[in-house]
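Colleague: Pasting the sequence and the predicted model now:
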Amino acid sequence: MKNYILIISMILLSMKALSQENMVTVSGGYSFANIEDADEKGTGWRINGLYEFSPMSGKFAHGVSFGFISITAKDDEGLQSTESKINSLPFYYAPKFMFGSDKFKGFVKGALGMQFASIKREGLVELSDNDFGFYGGGGVGFMFFLKENIFINAEYEIAWASNSWYKDGWMNTAMGGIGFKF
């Protein structure tokens, strides 16, 4: 009898693990930030990959995100022109709360992690540096399901990117992409 109870409990516990829903999203879009010591707003692009799992196919999902952001800002002050280029590799935990129907879901997400960054300033003097620091913020968006397991993703994310040696700042991104649920 003990063996039967043990086998039934193992089957029931494994069913919970099998009821998890996984999603992979690949997206890209427009990024902008206010770079300190630059008069113009920095603009550029971003690519991003996100892996998520939703326990018991519920409203909450846990994710891991990795991306690449490239932003450039130019200052033209007469004969003195400076160009600042910042590249960042954010890696973060992305919890998500989803709401809506099976065809259209909205979401609110967080971002908590770190980023590796490089800055290069060219002008009268050339300066470059590499650093890492905190990356944290949040975002909102929606998922429109084309099929049960394929969806289009659109989102806006704002995050604070800090560095220990050079300037910190808010990073804004508007992204669109495609995702797969399995």
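Modeller: It's in. Just so we're clear, the structure is a prediction, and the values are computed from it rather than from any experiment.
Colleague: all helices of the chain, in order?
Modeller: Listed in chain order, the helices of the chain (DSSP state H) span 2-18.
Colleague: which stretches of it have low pLDDT?
Modeller: 1, 12-19, 36-39, 78-79, 164-167 (pLDDT under 70).
Colleague: where's the residue nearest in space to the middle of the chain relative to residue 158, distance?
Modeller: In the chain, the residue lying closest to the centroid (Cα atoms, centre = their mean) is residue 65, at 5.3 Å. According to Cβ to Cβ, to the nearest Å, residue 65 and residue 158 sit 14 Å apart. In this view, the C-beta of every residue, glycine as well, is placed from N, C-alpha and C.
Colleague: Break down this structure into its strands, ranges please.
Modeller: Listed in chain order, the strands of the chain (DSSP state E) span 21-33, 42-54, 60-77, 80-93, 96-100, 104-122, 127-145, 150-161, 169-181.
Colleague: Neighbouring strands of the third one in the sheet, and parallel or not?
Modeller: This points to strand 60-77. Using DSSP bridges, the strands paired with strand 60-77 are strand 42-54 (antiparallel), strand 80-93 (antiparallel), strand 96-100 (antiparallel).
Colleague: Could you pull out the buried residues of that strand?
Modeller: Within strand 60-77, the residues that qualify as buried are 61, 63, 65, 67, 69-75, counting by 16 or more other Cβ atoms under 10 Å.
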